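Novice: Below are the sequence and a predicted model; questions follow.
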Amino acid sequence: HGEHEAFSHILRNASGNIKRKVKELFGASMREQELRDLCTLIYYPEQKLEYLKAAESDVSNFYAVTLFRLIRVLQSVSSKYTRSKVRKALPGEFAYIIQELLHESPSDDDKDAYFRRIIETIISTGQADEFIVAICNVIQRLSIDQLHVLGDIFDRGPGAHIIMDTLCDYDRFDIQWGNHDALWMGACAGNEACMANVLRLSLRYNNLVTLEDGYGINLMPLATFAVETYGDDPCTGFEPVIANNDAPDAKTLRLMARMHKAITIIQFKLEGRIIDRRPQWDMADRKVLAGLRPDLGSVTLDGKTYRLTDSNFPTVNPADPYRLTPEEENLVNRLCHSFVISDRLERHIQCLLSHGCLYKICNSNLLFHGSTPTEHSRKSSSTTAIDTPERNSCTT
């Protein structure tokens, strides 16, 4: 759901696999704080390295001890792969040196001096920082053999585009599409109802960063329409959900509430069109605008009448509630155009299509986004289990 920082952390720690490996290797020889520091160094090498160096009186010794430990971790996580696969994962500038260290064991007396001399040379030439960062990144990469993403990359959180940038540069992953991913795929393809739903969710969760900064979606037409149509309407029932302390100012919140209401009504209308085109879907009960009576302050659903908390719907014609006004038609066309011409969105959706599917079978495990119990499954009391794949897989 666009929480890119949490997603990045899962990748960096390989869903806890790196911590387990470090404890297996050093649990009996290192204190708990040292274990935590080493793990954090592997996850965030640039930031943690500066912090650890500042607390050391003998930096050369710190470098030597740290490099020996990191090489042991790298030897362990790379042992399951062929040399060819490990070589492809190594950074070009340090590939030869890392290969030498991986295949020379300091426990061998004949090669101990050679191993230590390599470490000393790295330190004396001032390359220790860059080398530590390179090894940590390789450990992260080799700790995950295959990344399984079980859907819902988009919506709510502000960094779906950042997650997709990461995935597009990742070479060993697959995606089982979620319902939110499908909405963005539809919006990119020009589906009006999907586009409206994407906008509504983004406005509901105070997430315009992905739309505007991430994909360059022009929201000015929607803002202008909302102000002109609902300028005197407080739209209190459409205020966005604020999930953090970085709340917009009161004026921006009022504008977002009006935009939210405007796109919600448009979404109802666009979905009503689809329902009418596809009677075989048997979704007529979803056409809530058909029972709307703003003049009476009520709505009738499934034969039961409810009181409305908001009766201001200036764009809804009671005689033809699902017809878009000319202004709404123009707005929908402009918004769809903005989605369709976004190069970055197109690239990300192509990535979803080329690496994704509705399900995947891996190691005899069925991976899919979600399921709804059916009448048959309830009667038979069957259970569907999603097992974590092999140890060096990361499922999110």
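Specialist: Structure received.

Novice: Going along the chain, name the strands of the stretch 101-250 of the chain.
Specialist: Ranges of strands in the stretch 101-250 of the chain, per DSSP state E, counting those that start in this stretch, are 146-149, 173-176.

Novice: can the ones you listed go into JSON lines with extra columns for mean pLDDT and mean neighbour count?
Specialist: Every residue, glycine included, has its C-beta placed from N, CA and C. Formatted as JSON lines, the strands of the stretch 101-250 of the chain follow (pLDDT from 0 to 100; neighbours: other Cβ atoms under 10 Å):
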{"stretch": "strand 146-149", "mean pLDDT": "89", "mean neighbour count": "20"}
{"stretch": "strand 173-176", "mean pLDDT": "91", "mean neighbour count": "20"}
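
Novice: Turn those into TSV, including distance to Ser8.
Specialist: Supplementary listing: the strands of the stretch 101-250 of the chain in TSV, determined by distance: least, Cβ to Cβ, whole Å:
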stretch	distance to Ser8
strand 146-149	12
strand 173-176	14
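
Novice: nearest to His348, of these?
Specialist: Of all the strands of the stretch 101-250 of the chain, strand 173-176 sits nearest to His348, with 11.0 Å by Cβ to Cβ.

Novice: Now find how far off-centre the closest one is within its chain.
Specialist: For strand 173-176, the separation from the chain centroid amounts to 12 Å (computed by Cα atoms, centre = their mean, to the nearest Å).

Novice: now for it, which elements pack on it?
Specialist: For strand 173-176, the elements it packs on are strand 146-149, helix 343-355, strand 356-357, strand 359-362, judged by 3 or more Cβ pairs under 8 Å, 6 or more residues apart in numbering; DSSP states H and E.

Novice: Quick check, Ile18 in contact with Tyr43.
Specialist: Yes - with contact defined as Cβ atoms under 8 Å, Ile18 reaches Tyr43; the gap is 7.3 Å.

Novice: what touches both of these two?
Specialist: Common neighbours of Ile18 and Tyr43, using Cβ atoms under 8 Å, 6 or more residues apart in numbering, are Gln140.

Novice: Ends of stretch 298-311, what's the gap?
Specialist: Stretch 298-311 has an end-to-end distance of 8 Å (Cα to Cα, to the nearest Å).

Novice: Out of the helices and strands packed on strand 173-176, indicate the one that is most buried.
Specialist: strand 146-149 (a mean of 20; mean count of other Cβ atoms under 10 Å).

Novice: Okay, now the sheet partners of it, with direction.
Specialist: strand 173-176 (parallel), strand 393-395 (parallel) (DSSP bridges).

Novice: Distance from the chain centre to it, please.
Specialist: 12 Å.

Novice: cool, and stretch 4-19?
Specialist: Taking mean C-alpha positions (Cα atoms, centre = their mean), stretch 4-19 and its chain are 13 Å apart.
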